[in-house]
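[1] predicted model and sequence below, questions to follow.
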Amino acid sequence: MMTLDLTPDELLSTTRAVRKRLDFTRPVPRELIEECVDLAVQAPTGRNRQRWHFLVVTEPERRHAVADIFLRALPLAAGQPLTERDLWRMNYHRGSTERVFDGLRHLADNIHRVPAFVIPGVEGRTDRAPVAVQAGAWGSILPAVWSFMLAARARGLGTTWTTAQAPLERELAEVLGVPYEEVMLAAFIPLAFTVGTDFKPAPRIPREEVLHWDRW
């Protein structure tokens, strides 16, 4: 499998959350996933603890069970209430939020067809922990997962970061044999080849809205 001919800037700006363009008909070779994990664990990690784990689910029966948990967990996710600023940003580019939710519906309708799920975990739970502890834990898994997603994009694979597992994390851990009290499941990432590879940068709010120089 050849990697895509992308510059670093193109790779960073076109690694999209892929939902509607996942190819459900092609299995993902194990060696490609292993290559992505090898690159992922080159990411920085707090105090070099390397507490990361990547659970890959491809076996049909277990994949079906995991997909069922995803579907049951989706309507249970609450999240923080949206602020006026959230709504302004979400709707800054007309139609962008509608496309996101349309893609989510498509993914939910086809979740059982996704050939592989990648579920990153990190040792050490942060339930009700202070922000400093949470920052250290999440900062030791998020860079690795983003590296995994970049490596996947470079190999013609699509991913999307979801936290759909969160409301039913304990049940998912039980299905996968994860020691729930010791390991936190950080995300639920569908993985598949993409239908075409011509992804483009996403519309975003202006730089002036997010860049702060010397002070807020």
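    That came in fine, so what should we check first? Numbering: from 1, shown residues only.
[2] not counting sequence-adjacent ones, nearest residue to the spatially most central residue of the chain?
    Note on the chain: the residue nearest the mean C-alpha position is Trp161, at 1.9 Å, using C-alpha atoms, centre = their mean. Among residues not flanking Trp161 along the chain, Ala187 sits closest, at 5.4 Å (C-beta to C-beta, 6 or more residues apart in numbering). Every residue, glycine included, has its C-beta placed from N, CA and C.
[3] and that neighbour, how far is that from Leu22?
    Distance of Ala187 to Leu22, given as C-beta to C-beta, to the nearest Å: 16 Å.
[4] how about Leu211?
    Leu211 is 33 Å from Leu22, where distance means C-beta to C-beta.
[5] of these two, who's got more company?
    Shown here are Leu211 and Leu22; by other C-beta atoms under 10 Å, Leu22 has more neighbours (25 against 7).
[6] which ones are touching the residue nearest to that one when sequence neighbours are not counted?
    Spatially, and ignoring its direct neighbours in sequence, Leu22 is nearest to Ala192 (4.1 Å; C-beta to C-beta, 6+ apart). Neighbouring residues of Ala192 by C-beta atoms under 8 Å, 6 or more residues apart in numbering: 18, 22-24, 26, 28, 114-116, 157-158.
[7] narrow those residues to just the buried residues.
    Taking 16 or more other C-beta atoms under 10 Å as the criterion, what is buried in these is 18, 22-23, 28, 114-116, 157-158.
[8] of the residues you listed, closest to Val183?
    Distances from Val183 to the buried ones among the contacts of Ala192, taken as C-beta to C-beta, are shortest for Ala116 (19.9 Å).
[9] the residue nearest to that closest one when sequence neighbours are not counted: what secondary structure?
    In space, and not counting its chain neighbours, Ala116 is closest to Leu191: 4.3 Å by C-beta to C-beta, 6+ apart. Under DSSP: H, G, I helix; E, B strand; the rest coil, the three-state class of Leu191 is strand.
[10] end-to-end on stretch 39-56?
    15 Å (C-alpha to C-alpha, to the nearest Å).
[11] buried set for it?
    In stretch 39-56, counting by 16+ other C-beta under 10 Å, buried: 39-40, 43, 45-46, 51-56.
[12] pLDDT check: weakest of those?
    Confidence by pLDDT is poorest for Gly46 among these, given 91.
[13] ok so, going back, need the contacts of Ala192 in CSV with distance to Ile205, pLDDT and secondary structure, can you?
    Listed next are those as CSV, based on distance: C-beta to C-beta, whole Å; pLDDT from 0 to 100; DSSP: H, G, I helix; E, B strand; the rest coil:
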residue, distance to Ile205, pLDDT, secondary structure
Val18, 22, 98, coil
Leu22, 27, 98, strand
Asp23, 31, 98, coil
Phe24, 33, 98, coil
Arg26, 35, 97, coil
Val28, 34, 98, coil
Val114, 31, 98, coil
Pro115, 34, 98, coil
Ala116, 33, 98, strand
Leu157, 28, 98, strand
Gly158, 24, 98, strand
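[14] and which of the residues you listed is nearest Pro167?
    Nearest to Pro167 among those: Val114, at 19.5 Å, using C-beta to C-beta.
[15] quick one: low-confidence ranges for this protein?
    Where the chain drops to pLDDT under 70, the residues are 1.
[16] all strands of it, in order?
    Ranges of strands within the chain are 52-57, 116-123, 157-159, 183-185, 189-193, based on DSSP state E.
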